[in-house]
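K.L.:
Next one to model:
(one chain, ligands or ions: 2)
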Amino acid sequence: MIAISDLLFRYPEGEFELNVPELEVAAGETVAVIGPSGSGKTTLLHLMAGIRLPQEGQVVTDEVEVTSLDDGERRDFRIRRIGMVFQEFELLEYLTVLDNILLPYRINGSLKLDRAVRERAASIAEQVGIADKLNRLSTRLSHGERQRVAVCRALVAEPVLLLADEPTGNLDPTNTLKVLDILLDAAEATGATLVTVTHDHDLLPSFDRNIDIMELLNITEKPQITQINADNDPDSPQITQMNTDEDSEKPQITQINADNEGEG
Ligand code: ADP
Ligand code: MG
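P.N.:
Ligands and ions are numbered 1, 2, ... in the order given. Now for the predicted structure:
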């Protein structure tokens with residue numbers, strides 16, 4: 001499902017460099033990615049999704065060489081094949097919970113929004129415990145509730161690849177297990193591949209494989225990162241940078257804002 005080779009990625013601004021000699025994820029595999037804050041887990045997911053492009057190397061996702069697609073093709077590819085739970089959710093504030101969940105259908109003409117889809121959306125919302133909030137604006141939700149909306153949206157179009165960036169990071173233990181089960185069940189039911197970033201080590205045995213990003217990356221020349229590993233801080237201050245980034249390679253949800261005047 002995913003084949004990365006000789007990848008080198010650098011943000012246009014800043015020092016950070018991600019170097020992945022090789023990574024493969026099989027179709028149908030469930031993988032947990034762990035690693036300290038700032039080590040590049042979110043960046044790696046965005047590269048897998050084609051939200052970011054590497055300066056060197058190849059990213060083949062679902063047999064598509066992502067690096068060879070133009071912007072429009074990559075957006076299309078993402079919406080149709082990938083369900084992404086963004087670390088900062090990327091919900092649209094001016095839409096209700098239901099419309100946020102159905103967003104993939106609003107922005108891609110090839111996905112047909114019919115009754116079955118609406119029923120599926122309602123059913124997933126029920127499973128994660130937000131069924132009573134479907135008509136509310138997403139701004140009027142707690143963090144944990146927003147996170148669950150983001151999970152619903154990632155699942156609704158039954159993608160072949162689920163990329164979940166700390167999808168339980170804002171949830172209490174009960175909801176953490178609920179959301180984990182829903183992600184794993186969805187992957188199993190549809191044969192989808194699941195890559196989840198998590199800081200919760202209790203969840204790791206539930207996955208087919210665990211990838212420690214520090215082992216994956218070529219980090220021999222950066223011993224200072226190993227020290228960060230010691231306190232394993234789950235807070236991720238980089239999000240503010242991402243949202244204000246002038247770079248055109250933003251997550252697709254942020255781009256959609258440009259087409260809609262109602263934001264904020
Ligand atoms: P993680 O998800 O493991 O916490 P990230 O992939 O978000 O790490 O970030 C890896 C590094 O890249 C961090 O040092 C972060 O500050 C930096 N970074 C993240 N986003 C950007 C950006 N848009 N521009 C420049 N640097 C960034
Ligand atoms: Mg992150």
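
K.L.:
Kindly list the main-chain dihedrals of Ile211?
P.N.:
The phi and psi torsions at Ile211 (degrees, to the nearest 10) take the values phi -120, psi 120.

K.L.:
my guess is it contacts Ser39, does it?
P.N.:
No - the pair Ile211 and Ser39 fails to qualify as a contact (Cβ atoms under 8 Å) at a distance of 11.6 Å. (C-beta placed from N, C-alpha, C; glycine too.)

K.L.:
Let me see the contact set for Leu163.
P.N.:
Leu45, Met48, Ala49, Ile82, Gly83, Met84, Val85, Ala154, Val195, Thr196 (Cβ atoms under 8 Å, 6 or more residues apart in numbering).

K.L.:
Just name the closest of these to ligand 2, please.
P.N.:
Taking Cβ to the ion as the measure, ligand 2 lies nearest Leu45 of these, at 7.9 Å.

K.L.:
What backbone torsions are found at the closest one?
P.N.:
Backbone torsions of Leu45, given as degrees, to the nearest 10, read phi -60, psi -40.

K.L.:
quick one: it and Tyr94, what's the gap?
P.N.:
Plainly put, Leu45 is 26 Å away from Tyr94 if you go by Cβ to Cβ, to the nearest Å.

K.L.:
So for the two, which sits in the more crowded spot?
P.N.:
Shown here are Leu45 and Tyr94; by other Cβ atoms under 10 Å, Leu45 has more neighbours (24 against 16).

K.L.:
Assign the closest residue to that one other than its chain neighbours to helix, strand or coil.
P.N.:
Of all residues not flanking Leu45 in the chain, Leu163 sits nearest, at 4.9 Å (Cβ to Cβ, 6 or more residues apart in numbering). Assigned by DSSP: H, G, I helix; E, B strand; the rest coil, the conformation of Leu163 is strand.

K.L.:
Which one of Ile211 and Ser39 is surrounded by more residues?
P.N.:
When Ile211 is set against Ser39 and neighbours are counted by other Cβ under 10 Å, the residue ahead is Ser39, at 23 against 19.

K.L.:
what about the strands in the chain?
P.N.:
Counting by DSSP state E, residue ranges of the strands within the chain are 2-10, 17-25, 30-34, 56-61, 64-65, 82-85, 161-165, 193-197, 209-212.

K.L.:
ok, now which ones touch the closest residue to Arg74 other than its chain neighbours?
P.N.:
Of all residues not flanking Arg74 in the chain, Gly50 sits nearest, at 4.3 Å (Cβ to Cβ, 6+ apart). Applying Cβ under 8 Å, 6+ apart to Gly50 gives the contacts Val59, Thr61, Val66, Leu69, Arg74, Phe77, Arg78.

K.L.:
and which of those residues is nearest ligand 1?
P.N.:
Closest approach to ligand 1 among the contacts of Gly50 (Cβ to the nearest ligand atom): Val59, at 15.1 Å.

K.L.:
surely Gly83 meets Ala154?
P.N.:
Yes - between Gly83 and Ala154 there is a contact at 3.5 Å, judged by Cβ under 8 Å.
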